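Asks: pasting the structure only:
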């Protein structure tokens, strides 16, 4: 039987901690906080390092769920990103990541974001390969392992619901579409675009959609993402491909905008033959100077597709409410 003094499987470490200073390039367009897209890039970077360190081989991001931005991160903050393995399957690893920030003068870190990612290990042939089994040892290990298992059924339901929905041009919904070529500057070791980079694109398109809907309202450009979930990576994004990122409002609340964003790619020679690679549902709000979310103009669906997606968003919300958020105090516990 394992004890707390025994080494982990194959002497591999199951935790990673990254510390660095946020840069001006990480700041959101409104200028008051770090962009949610930057935070998601950091989450993917730390999770990837943790997964690769445990598996001992290249890994790809398969899923990112329940990214709850509990509070804005001020620009120029010191950042600490902790990642830890909490469950392994035959070829997959569930990794919990917590992002904290601190003022440079105090260096007292406060948690801001916590989420779970799933990575799949890849062999030299590019196919999924086995990973060492991870066994919980500490109290927090066991609680986080249980939390990962409890989320599996709900996550599978959300994925099925999202994949079953069809998005066409038969819509009157507010939407923003970005199209560009994947640059070589975002290449990872597998020759594809980083998962964190794709999540940044998602945040940028959703932000543009949210600000466009708010229009000339005061502080409209201060819109921030407070939640991202159901981020499923269905296919790789290859360097040189044409990317289309479409963000569409599918539901508004009194103070929030629920935005569905889909990332598709195509060979530039056949730009209309798009293949869905990533999907996400985000929630954006517009805080005032005291942090209180402003009222959002209400959008009422009229066309059949918009009505269907409106109800789809409500169903996703109902499922998400059954998932108990991970407490940062637990994820940061030894």
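Replies: In hand now; what should we look at? Because the structure is predicted, anything quoted here is derived from the model rather than measured.
Asks: Not counting its neighbours along the chain, what's nearest the residue nearest the centre of the chain?
Replies: Geometric centre of the chain, nearest residue: residue 64, 4.9 Å, by Cα atoms, centre = their mean. Distances taken as Cβ to Cβ, 6 or more residues apart in numbering put residue 231 closest to residue 64, at 4.0 Å, once the chain neighbours are dropped. C-beta coordinates here come from the backbone N, C-alpha and C atoms, glycine included.
Asks: Are we agreed that the residue nearest to the centre of the chain is in a strand?
Replies: Yes: applying DSSP: H, G, I helix; E, B strand; the rest coil, one finds residue 64 inside a strand.
Asks: Below-threshold pLDDT in the stretch 151-300 of the chain: ranges please.
Replies: For the stretch 151-300 of the chain, no stretch is flagged by pLDDT under 70.
Asks: tell me the helices in it, going along the chain?
Replies: Counting by DSSP state H, counting those that start in this stretch, the segments of the stretch 151-300 of the chain that form helices are 195-214.
Asks: Tell me where it has strands.
Replies: Ranges of strands in the stretch 151-300 of the chain, per DSSP state E, counting those that start in this stretch, are 175-181, 224-233, 242-252, 257-266, 275-285.
Asks: Which secondary structure elements does the third one sit against?
Replies: Using 3 or more Cβ pairs under 8 Å, 6 or more residues apart in numbering; DSSP states H and E, the elements in contact with strand 242-252 are strand 175-181, helix 195-214, strand 257-266, helix 304-320.
Asks: Of all the ones you listed, which one is nearest residue 161?
Replies: Evaluated with Cβ to Cβ, the helices and strands packed on strand 242-252 place helix 304-320 nearest to residue 161, the distance being 6.3 Å.
Asks: what's the closest one in contact with?
Replies: Identification of contacts with helix 304-320 by Cβ atoms under 8 Å, 6 or more residues apart in numbering yields 66, 154, 157-158, 161-162, 165-168, 170-173, 229-230, 248, 250-251, 258, 260, 281, 301.
Asks: And the residue nearest to residue 64, how far from residue 199?
Replies: Applying Cβ to Cβ, to the nearest Å, the value for residue 231 to residue 199 is 7 Å.
Asks: Identify the contacts common to these two.
Replies: 64, 280.
Asks: ok, back up a step: looking at the strands of the stretch 151-300 of the chain, which is nearest to residue 88?
Replies: Across the strands of the stretch 151-300 of the chain (criterion: Cβ to Cβ), the nearest stretch is strand 224-233, sitting at 18.6 Å.
Asks: What is that closest one packed up against?
Replies: helix 36-55, strand 59-69, helix 139-164, helix 195-214, strand 275-285, helix 304-320.
Asks: Mind putting these into JSON lines with distance to residue 26?
Replies: What follows is those, written out as JSON lines (distance: least, Cβ to Cβ, whole Å):
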{"stretch": "helix 36-55", "distance to residue 26": "4"}
{"stretch": "strand 59-69", "distance to residue 26": "14"}
{"stretch": "helix 139-164", "distance to residue 26": "28"}
{"stretch": "helix 195-214", "distance to residue 26": "10"}
{"stretch": "strand 275-285", "distance to residue 26": "18"}
{"stretch": "helix 304-320", "distance to residue 26": "27"}
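Asks: who wins for proximity to residue 179 among those?
Replies: Here helix 195-214 is closest among these (Cβ to Cβ), at 10.4 Å.
Asks: So what's the residue count around residue 134?
Replies: 21 (other Cβ atoms under 10 Å).
Asks: Quick check: pLDDT value at the closest residue to it other than its chain neighbours.
Replies: Using Cβ to Cβ, 6+ apart and skipping the chain neighbours, the partner closest in space to residue 134 is residue 88 (4.3 Å). At residue 88, the model reports a pLDDT of 97.
Asks: Which one of the helices and strands packed on strand 224-233 lies nearest to residue 116?
Replies: Shortest distance between residue 116 and the helices and strands packed on strand 224-233, using Cβ to Cβ, is found for strand 59-69: 5.4 Å.
Asks: What mean pLDDT does that closest one get?
Replies: For strand 59-69, mean pLDDT is 91.
Asks: What helices and strands are in contact with it?
Replies: Counting by 3+ Cβ pairs under 8 Å, 6+ apart, strand 59-69 packs on helix 36-55, strand 110-121, helix 139-164, helix 195-214, strand 224-233.
Asks: Mind putting those into TSV with distance to residue 329 and mean neighbour count?
Replies: Shown next, in TSV, are those (distance: least, Cβ to Cβ, whole Å; neighbours: other Cβ atoms under 10 Å):
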stretch	distance to residue 329	mean neighbour count
helix 36-55	18	24
strand 110-121	8	23
helix 139-164	9	16
helix 195-214	25	24
strand 224-233	20	23
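Asks: mind giving me the domain ranges of the chain?
Replies: Domain ranges of the chain: 9-151, 175-320, per automatic domain parsing.
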